[in-house]
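[1] Sequence first, then the predicted structure:
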Amino acid sequence: MPYQGGQQIDANVTMRDARFEGPPVLQARRGQFEGVIRLANGRTSVDGTFTGQGLARGDFVLARLAANVRLVNGIGEVRASLAGSRGRSFDLQTVVRVGDGRLELVGSGTIDRRPMALADGTTLTRTAEGWRLSPTELSFAGGKARVSGLFGERSTALDASLQQMPLAIADIVSPGLGLGGVANGKLSYALPANGTPTGRADLKIKGLTRSGLVLSSLPIDMGLAATLNGTNAGVRMIAVAGGKEIGRAQARLTGRTSGGLIERFADAQLFGQIRYNGGADALWRLSGVETLDVAGPIALGADVTGRVNDPIIRGSLRTSNARIESPATGMVLTGVAATGRFGQDSKLVFDNFSATAGKDGRISGSGVVDLASARGFAISLSIQAENASLLARDDVAATVTGPLQIRSDGGEGIISGDVILNRGRFRLGRVTAAQSLPRLKVREINGRADEVVAARAVMPWRLALKAKAPSRFMVTGLGLDSEWQADLNIGGTPYAPTITGRADLLRGDYEFAGRRFGVTRGAIRFQGENPPDPALDIQAEGSTQGLSATIRVTGSGQKPQIRFASTPSLPEDELLSRLLFGTSISNLSAPEAVQLAAAVASLRDGGNGLNPINALRNAIGLDRLRILPADTVTGQGTSVAAGKYLSRRAYVEIVTDGAGYSATNAEFQVSRFLSILGSISTIGRQRASIRISKDY
């Protein structure tokens, strides 16, 4: 609309799930600007309010922003309140006063929920050389930093001093560092126009650590001294842990005679030395890699020559009693012995390494780590496993023999091999509560606008393993205790492995409501789900008093379907009564009726129904637990019977009524059709018998 010979714009701009490709990419889940923009009398003025939620610029995220802008020809004031995350969460309130060639900033708030403030504000003044930063003091969580400098196209200067400054603040500059400790010291750098760069750094770091999701490194004290004078630069470092020196390094660079700092030293001549003799965990955990944890003594000595962009490394690395552990797979390697030498093209060559893997397993191998790969550390390792325990999770375990290969280009990697499964273990129904929840397709509406969806973490390591088990692949859980042969393919990632293939029964037992049945046939088909949820096809048989029963277990490991059939055919509750108690349902005592009801409920819920007696039996490690009715002939009151299989054929049971009566029963199964029974009680009765059963 017209205004004093110019234009006035009454702006009301709303953004919703907006994305601007850039670069850089800008995103806003919600945003609104309300204000007045005037272009008149040679002046441009802006008076308005902006509010935004879920704002992102690259990996810099603002959960919310509220700002008031009052500017005339670029001069005025901006007040802003902003909160978000960049490695650490922050919540800041700022005031920026914009003048002619001058910016004044006052601010305070919290970073990582710890107080931060600019003590007396800061001022940037434009000069002929560039923008000059007045001496500024920043306080954060009990530490202080004092900074001043000059930032121009041809001239640069920086002076900084640190006093007990927490290193956690570095996450704002580089998200995900997770550094701990405090820094003290001074730093100066100057590059005058048409001059040569000079600088000096004297820093001490107390308690340097790096923390990830699972691991934290041990604290290290470090000292660093560096100098820069024209074409020459030098640096020395020392590392101390537990009051003992564990490492020392020094380097000297000779660069070009012209250009900025990076141009001068990008291909500078290099001479350096590194010596380290301490715990591997102190160095490894600083790398931030959590797929594996490395600990134990390590000795490293290396000399570096050549150029910065093409170094030549000569030296060696060795360890004799290290430990490697994988939280994802449960693998633990002890007594790791390795000798490596730095060879051509900055490659660390391991001529041999070995370790103990499990109680009586071993691994050995050789390989190369390329330290100068464009994407990081490239790895090529060949390993021979001998009865090695390489997988030991709660739900699955494996001890293998055979060749394995580990390959990585520094970004993505693959673990492959074709091995024999010497021993294996898989537990049906063992899954965490979070994993067992169904995955639903959800479309969010009216969600919180101040949340920005983080990019999904990339899992660069993949598995490509083939495993054959001629025997000793043990499957338990859901009442099953059995041995199988298997042919499996293992894929996915170390944190989310997938299994495909088939396992076939060799022998086993199936226990239901305290009674064991012999498994006669079975097949388990793994179909690549994560977590593993194989398809079941298992049949078990049992008999009692002229009754033959067949149990079919189908469905999946997490949702089994259990069905009973008998010859002669009987209703389900009658069949269970005869199998569990040896009598008709009409003859059951009250305690036995309770057990039967719990067994029926468990059956209808795939073995997972409410069964307090069975739950108690599992908790105290028994194979059978039942309540027996009183017997007026023997003087036995209502009793509890607790039994345990000493082996696949030998079973012992103790019966007591808590009022003086007790008995011990024993059974030894000679074959599927022949058993020897024995009993002794406190009323002086001893009994021995032979039971022969045969299905016709």
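    Perfect, I can see it now.

[2] right, and L158 touches S188 too?
    Yes: assessed by C-beta atoms under 8 Å, L158 is found in contact with S188 at 6.9 Å. For glycine as for every other residue, the C-beta is placed from the backbone atoms N, C-alpha and C.

[3] got a pLDDT number for G272?
    On pLDDT, G272 comes in at 94.

[4] Ok, D17 next?
    87.

[5] can you check A80 too?
    For A80, pLDDT reads 94.

[6] Need the nearest residue in space to it, chain neighbours excluded.
    Leaving aside its chain neighbours, A80 sits nearest to A67 (4.1 Å; criterion: C-beta to C-beta, 6 or more residues apart in numbering).

[7] give the contact list for G255.
    By C-beta atoms under 8 Å, 6 or more residues apart in numbering, G255 lies in contact with T231, N232, A233, R264, F265, A268, Q269.

[8] 6 Å instead, please
    T231, R264, F265, A268 (C-beta atoms under 6 Å, 6 or more residues apart in numbering).

[9] show me the contacts for P460.
    Contacts of P460 (C-beta under 6 Å, 6+ apart): G411, E412, G413.

[10] Give me the below-cutoff pLDDT ranges for the stretch 1-150 of the chain.
    3, 5, 59, 87 (pLDDT under 70).

[11] just the stretch 451-600 of the chain next, same as before
    For the stretch 451-600 of the chain (pLDDT under 70), the answer is 451-459, 513-515, 544-546, 580-582, 589-592, 594-595, 598-600.

[12] any chance you could map the helices in it?
    For the stretch 451-600 of the chain, the helices defined by DSSP state H, counting those that start in this stretch cover 572-581, 590-604.

[13] Same check on the chain?
    With DSSP state H as the criterion, the chain has helices at 170-173, 261-265, 280-284, 433-436, 572-581, 590-604, 612-620.

[14] one step back: list just the nearest of the contacts of G255 to I169.
    F265 (26.6 Å; C-beta to C-beta).

[15] Look up how far N229 lies from the nearest residue to that closest one once chain neighbours are set aside.
    Leaving aside its sequence neighbours, F265 sits nearest to G255 (C-beta to C-beta, 6+ apart; 4.2 Å). Counting by C-beta to C-beta, to the nearest Å, the gap from G255 to N229 is 11 Å.

[16] And L348, by the same measure?
    33 Å.

[17] So for those two, which residue has more residues nearby?
    L348 (21 against 12; other C-beta atoms under 10 Å).

[18] The more buried one touches V369, doesn't it?
    Yes: counting by C-beta atoms under 6 Å, L348 does reach V369; the two are 4.3 Å apart.

[19] who's the nearest residue to Q27 once chain neighbours are set aside bridged to?
    Of all residues not flanking Q27 in the chain, A56 sits nearest, at 4.4 Å (C-beta to C-beta, 6+ apart). When assigned by DSSP bridges, A56 has beta-bridge partners Q27, V61.

[20] same check, this time on N232
    N229, T254.

[21] Need the per-residue pLDDT for it.
    91.

[22] Tell me the spacing between it and A523.
    Taking C-beta to C-beta, one finds N232 at 74 Å from A523.

[23] Equivalent analysis for V400, please.
    Per C-beta to C-beta, V400 is found 23 Å from A523.

[24] neighbour count winner among these two?
    V400 (26 against 15).

[25] Now do the contacts for that one.
    Going by C-beta under 6 Å, 6+ apart, the list of residues near V400 reads A385, A388, L390, V419, L421.

[26] And those, which is the shakiest by pLDDT?
    Confidence-wise, L390 trails the rest of those, at 87.

[27] If we ignore the residues flanking it in sequence, what's nearest that residue?
    M331 (5.1 Å).

[28] quick one: which of the contacts of P460 has the most company?
    G413 (16 neighbours).

[29] what sits against the spatially closest residue to that one that is not a sequence neighbour?
    Counting by C-beta to C-beta, 6+ apart, W461 is the residue found nearest to G413 once chain neighbours are left out, at 4.7 Å. With contact taken as C-beta under 6 Å, 6+ apart, W461 is in contact with G413, T493, P494.

[30] can I get those residues in JSON lines with distance to R38?
    What follows is those, written out as JSON lines (distance: C-beta to C-beta, whole Å):
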{"residue": "G413", "distance to R38": "60"}
{"residue": "T493", "distance to R38": "58"}
{"residue": "P494", "distance to R38": "61"}
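
[31] Looking at these, which one is closest to I37?
    For the contacts of W461, the nearest to I37 is T493 (52.5 Å; C-beta to C-beta).

[32] count of neighbours near the closest one?
    16.

[33] For it, grab phi and psi.
    Main-chain torsions, T493, degrees, to the nearest 10: phi -120, psi 170.

[34] now swap in the one 3 residues further on and tell me
    For A496, the backbone dihedrals are phi -140, psi 70 (criterion: degrees, to the nearest 10).

[35] Was I right to think it contacts N530?
    Yes: between A496 and N530 there is a contact at 4.8 Å, judged by C-beta under 6 Å.

[36] Spell out which residues sit in contact with G143, please.
    Q164, M165, P166.

[37] which among these end up buried?
    M165, P166 (16 or more other C-beta atoms under 10 Å).

[38] Nearest to S139 among the contacts of G143?
    Nearest member of the contacts of G143 to S139, counting by C-beta to C-beta, is M165, at 9.3 Å.

[39] quick one: the closest one from L270, how far?
    Taking C-beta to C-beta as the measure, M165 falls 30 Å from L270.

[40] do the same with I676
    For I676 relative to L270 (C-beta to C-beta), the value is 82 Å.

[41] the more surrounded of those two?
    Taking neighbours as other C-beta under 10 Å, I676 and L270 compare with L270 leading, 20 against 15.
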